[in-house]
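K.L.:
Sequence first, predicted coordinates after that:
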Amino acid sequence: MGQKKEIRLRSRFTQDIADSVMRYVASLPFDRRLYKHDIQGSIAHAEMLAEQKIISPRELTQIKKGLQLIQLEIEQGKFQFKPELEDIHMSIESRLYEIIGAAAGKLHTARSRNDQVALDIRLFARETAQDTINVLIKLCSALVNHAGRNIQAVMPGYTHLQQAQPVLYSHYVLAYFEMFRRDIDRLEDYLKRINVLPLGSGALAGVPYPIDREFVARKLGFSSVSANSVDAVADRDFIIEYEAIAAIAMMHLSRFAEEVIIWSSKEFGFIELSDAYTTSSSIMPQKKNPDVAELARGKSARVLGTLAGMLAVMKGLPLAYNRDMQEDKQGFFDTAYTVISSIDVMTGLVASLQVKPARMKASMDSYILATDIADYLARKGLPFREAHDIVGRLVAYAMSQKKELNELDIKGYKRFSPLFKEDVYKINADSSVRARSSYGGTSPDQVKLQIQKAREILRKYEA
Ligand code: ARG
């Protein structure tokens, strides 16, 4: 037998694959971006094979040189991707044959494409999770800086999108810091859980060679090796879990985007977006549109759709590998790109936001202080439930008189309770936020404390 210079996988067939089938089953158009991870994994695998004397040192040298050359070819745009080679794994292996000849055939010893693809995409997932953490840290830092710069502005806080109680704008912004910080925590936890090497599982049953999986794990920075070969090639939890974390992060981003859209409207006018982060209208020259925020809100829908799609791909599959699983990639790549770019652009938007404290203040009527007035009576010894009832009637009376609460004279107040004194007029939005000094509350002191703590957390992340 002479040395074969190409991979032949169809020796049992008498017919060539149909062109339409070849195109249909191919993942090369989208999995070529895994070339680096594939080569990285192959080099670690080959080094292990040599270490275990399954291939010779000479063969290892040839394989490594060949793979490094292929990486260069791909990066310089000189690599010829051939559609008939189905995926990136076959494309690289086939090119290796052309470059180094027979030794290339030894690379796939003790390996299957099933554990190979599981490895490649896991390497990609690890990298992507880290990139996502990095952009989230920047977003968190932009939010904290923005809160710090606008610490005093008081805005109406809402429940049911009805004015509820005054809050510091900075406190409101820090709520988003908390959400994104949880996303970072989730990703860090995720990284620990997925850092398991699947290679060495073979097609599904393990391999009949004296391989050293720990060696490969060390080379590739995995903290452990998978314990069950069937699970290792059938598992896509690590993709679904990233997509789930991404969906939650995008849900957070989308809620923030929604605030930005509402707040920048004429009716609210709480903030102004910088020109660099707005778009114009093709017909209405006066328009300054918050398209960036709208797209973040819109793209979040696709990200959470991808999660649902991938769960659907997996839920009916018998173990172990099924070709359905090739459908994991496009959604995963798309989600990774969408999440990272959305967070990145929204970070720039946050940094450029202009806050309009006067507009915030003007948007509040006096009724937003009703709870404070009830608390005023409660502090004077009235049970809170009674105080609530009294202030409810006081508000109804003021409304019937078409008056704000601070426009009622003291007699007006005393009609409802003798506990009302002149000092009731001291209640305003500022006193309201100042009073809410419980831990985690909106008083300026509490918010300053949380900004300080947030900065400490960010310093740890950035270290
Ligand atoms: N392109 C395939 C995928 O992305 C690689 C694994 C193929 N394995 C197989 N037995 N056909 O899932």
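P.N.:
Everything's here; your move.
K.L.:
Next, name the residue at the spatial heart of this structure.
P.N.:
Nearest residue to the geometric centre of the chain (CA atoms, centre = their mean): A246, 3.5 Å.
K.L.:
contacting residues for the residue nearest to it when sequence neighbours are not counted?
P.N.:
Spatially, and ignoring its direct neighbours in sequence, A246 is nearest to V339 (4.6 Å; CB to CB, 6 or more residues apart in numbering). Where you see a C-beta, it was placed from the backbone N, CA and C, and this is true even at glycine. Residues near V339 by CB atoms under 8 Å, 6 or more residues apart in numbering: 132, 246, 249-250, 303.
K.L.:
which of those sit farthest apart?
P.N.:
Farthest apart among those by CB to CB are T132 and V303. That separation is 11.7 Å.
K.L.:
mind listing the strands for the stretch 201-350 of the chain?
P.N.:
All strands of the stretch 201-350 of the chain, identified by DSSP state E, counting those that start in this stretch, fall at 224-225, 271-272.
K.L.:
got the residues of the stretch 1-150 of the chain near the ligand?
P.N.:
Where the stretch 1-150 of the chain comes near the ligand, counting by CB under 6 Å from any ligand atom, the residues are 27, 31, 87, 113-114, 117.
K.L.:
Among these, which lie within strands?
P.N.:
The strands, defined by DSSP state E, take in nothing from those.
K.L.:
could I get those residues as JSON lines with distance to E258?
P.N.:
Formatted as JSON lines, those follow (distance: CB to CB, whole Å):
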{"residue": "S27", "distance to E258": "36"}
{"residue": "D31", "distance to E258": "35"}
{"residue": "D87", "distance to E258": "40"}
{"residue": "R113", "distance to E258": "44"}
{"residue": "N114", "distance to E258": "43"}
{"residue": "V117", "distance to E258": "38"}
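K.L.:
follow-up on the earlier one: from R122, how far out is the residue nearest to A246?
P.N.:
V339 is 18 Å from R122, where distance means CB to CB, to the nearest Å.
K.L.:
Could you do R236 as well?
P.N.:
R236 sits 10 Å away from R122, going by CB to CB.
K.L.:
between those two, which one's more packed in?
P.N.:
More crowded of R236 and R122, by other CB atoms under 10 Å: R122, with 26 against 22.
K.L.:
Test my guess that that one contacts I194.
P.N.:
Yes. Applying CB atoms under 8 Å as the test, R122 and I194 come out as touching, 6.4 Å apart.
K.L.:
overlap in contacts of those two?
P.N.:
F238.
K.L.:
tell me which element the spatially most distant residue from the centre of the chain is part of?
P.N.:
Distance to the chain centre peaks in the chain at K411, reaching 56.5 Å (criterion: CA atoms, centre = their mean). Using DSSP states H and E, K411 sits in helix 410-414.
K.L.:
Averaged pLDDT, that helix. What do you get?
P.N.:
Helix 410-414 shows an average pLDDT of 95 in the prediction.
K.L.:
Which residues belonging to that helix are considered buried?
P.N.:
For helix 410-414, a neighbour-count test (16 or more other CB atoms under 10 Å) marks 412-413 as buried.
K.L.:
Next, the residues that contact it from outside, please.
P.N.:
With CB under 8 Å, 6+ apart as the test, helix 410-414 has contacts from 394, 397-398, 401, 420-422, 424.
K.L.:
quick one: which of those residues sit in helices?
P.N.:
Among those, the ones falling in helices (DSSP state H) are 394, 397-398.
K.L.:
of those residues, buried ones?
P.N.:
Buried, going by 16+ other CB under 10 Å: 394, 397-398, out of these.
K.L.:
Tell me, how many residues neighbour the residue nearest to K82 when sequence neighbours are not counted?
P.N.:
Excluding the flanking residues, the one nearest K82 by CB to CB, 6+ apart is S91, at 6.8 Å. Other residues within reach of S91, judged by other CB under 10 Å, total 24.
K.L.:
ditto for Y169
P.N.:
25.
K.L.:
Grab the two from the contacts of helix 410-414 that are most spread out in space.
P.N.:
Q401 and K421 (20.7 Å).
K.L.:
residue ranges for the strands of the stretch 51-200 of the chain, please.
P.N.:
Using DSSP E, counting those that start in this stretch, strands in the stretch 51-200 of the chain cover 154-159, 162-168, 196-197.
K.L.:
ok, back up a step: am I right that the residue nearest to the centre of the chain is in contact with T132?
P.N.:
Yes. With contact defined as CB under 8 Å, A246 counts as touching T132 (7.2 Å).
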